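# give me a 3D structure for the following:
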Amino acid sequence: MIAARGIGRAAALASAWLVGLVQRPDGAGRPPLATVLQSLVGCWICERGLAAGAGDRRLRALAREVARRLDLERPALVALRRCDAGLVLLCGGILRALGCPSATLDAFIRTLAHAVPGRGPGAPELFPVRFLLNRLGLHPHPGRHELRAADLLQAPNPFRGGESSVRSVASRVAAATAYGRTVCSPDAELRERLAVVVPVWMLACLREYDLELGALLLRTMGYLRLRRDRVFREGLAFLLVQQQPDGRFGFLASDIARRRAAERRRDAVYALHLPLTVCCLWAIAEASNPRFVLLRLDRRAWRRLRPGTP
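Alright, predicted model coming up:
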């Protein structure tokens, strides 16, 4: 496995870059709220999953800044409605775990909990939201999702699965295993097929420099308990060397140039490098530290948010 020193150094660089996005926005004005929330998640991964070395000082300072912005800025609720629900829930749990809860965010999460169905298996794509609501004490457990061969790998040649089918398999595996807690299926043949196809998909994505989808599939391999596969180690090593000297991940100069030319916006870094950096850190943390699973945190760490609590 990759040396812990190298991973710790990568995490320290990434953590400093993420905090810099919030504290020093390079003269471009305040970063969007989604950027602040993504930076908080990225720093949480660095400190709790990768042992970045700054202790919790940097992370707690960022958490206080996030809570302050959420509670003092009047448009915060409007901005939260535009954010990914899973990101909002995860940040709510992180802020409470760090002792920096936001009344605005907690109220928004309670409202969100009422809008999400509480019973029945639900779509696998909704599983992360229901899972996180359960960790916050606002929802029943989403239950066990069944993984069936009839739902997966239906193409004549599964090695050439399209992006939508690949993402569907990844979401179903995450739901069926509860992020690696249980075996994905009692069907041995299905497990064998997934053990062959998912690594091939990951290598193909990384070869095409689709780092985000490659990182997702690396995590999926972990949930399928394929950590001993050589491809798993190769995927982890490849993601690590995609870090730039300033801490961000991905060599995307041409993509940023095209986005700036097309949209004439100043947030190319926020829109491209930040989400990609968080995706890579998430996959690297779960691949290198089996005890860390971002969405499967110990309930005690969340300081559960009960209905009506301040």
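# quick check, Arg225 in contact with Val183.
Yes - shown here, Arg225 and Val183 form a contact pair, counting by C-beta atoms under 8 Å, at 7.4 Å. C-betas here are computed from N, CA, C, even on glycine.
# now do the shared contacts for those two.
Taking C-beta atoms under 8 Å, 6 or more residues apart in numbering as the criterion, Arg225 and Val183 do not both touch any residue.
# if I pick Met202, what's in contact with it?
Residues near Met202 by C-beta under 8 Å, 6+ apart: 214, 217-218, 220-221, 231, 235.
# at 6 Å instead, please
Residues in contact with Met202 (C-beta atoms under 6 Å, 6 or more residues apart in numbering) are 214, 217-218, 235.
# with Leu13 instead?
Gly247.
# in the one helix or strand it maps to, which residues are buried?
Using DSSP states H and E, Leu13 falls within helix 4-23. Neighbour-count burial for helix 4-23, counted by 16 or more other C-beta atoms under 10 Å, picks out 7, 10-19, 21-22.
# export those as JSON lines, with columns for distance to Pro140.
JSON lines is the format used below for these (distance: C-beta to C-beta, whole Å):
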{"residue": "Ile7", "distance to Pro140": "37"}
{"residue": "Ala10", "distance to Pro140": "38"}
{"residue": "Ala11", "distance to Pro140": "35"}
{"residue": "Ala12", "distance to Pro140": "39"}
{"residue": "Leu13", "distance to Pro140": "41"}
{"residue": "Ala14", "distance to Pro140": "36"}
{"residue": "Ser15", "distance to Pro140": "35"}
{"residue": "Ala16", "distance to Pro140": "40"}
{"residue": "Trp17", "distance to Pro140": "39"}
{"residue": "Leu18", "distance to Pro140": "34"}
{"residue": "Val19", "distance to Pro140": "36"}
{"residue": "Leu21", "distance to Pro140": "37"}
{"residue": "Val22", "distance to Pro140": "35"}
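# which of those residues lies closest to Arg291?
Ile7 (13.9 Å; C-beta to C-beta).
# what's the spacing between the closest one and Ala51?
Ile7 sits 8 Å away from Ala51, going by C-beta to C-beta, to the nearest Å.
# ok now stretch 67-84, how far from the chain's centre?
Relative to its chain's centre, stretch 67-84 lies at 20 Å (C-alpha atoms, centre = their mean, to the nearest Å).
# try stretch 104-120
Using C-alpha atoms, centre = their mean, the offset of stretch 104-120 from its chain centre is 20 Å.
# same thing with stretch 233-245?
17 Å.
# likewise stretch 141-155?
Centre to centre, stretch against its chain (C-alpha atoms, centre = their mean), the figure for stretch 141-155 is 21 Å.
# stretch 223-230 too?
That offset, for stretch 223-230, works out to 19 Å (C-alpha atoms, centre = their mean).
# for that stretch, buried residues please.
The neighbour-count check on stretch 223-230 (16+ other C-beta under 10 Å) flags 223-224, 226, 229 as buried.
# I'd like those residues as CSV, with secondary structure appended.
Listed next are the buried residues of stretch 223-230 as CSV, based on DSSP: H, G, I helix; E, B strand; the rest coil:
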residue, secondary structure
Tyr223, helix
Leu224, coil
Leu226, coil
Asp229, coil
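# of the residues you listed, which is the nearest to Cys43?
Distance ranking of the buried residues of stretch 223-230 against Cys43, using C-beta to C-beta, places Tyr223 first at 23.8 Å.
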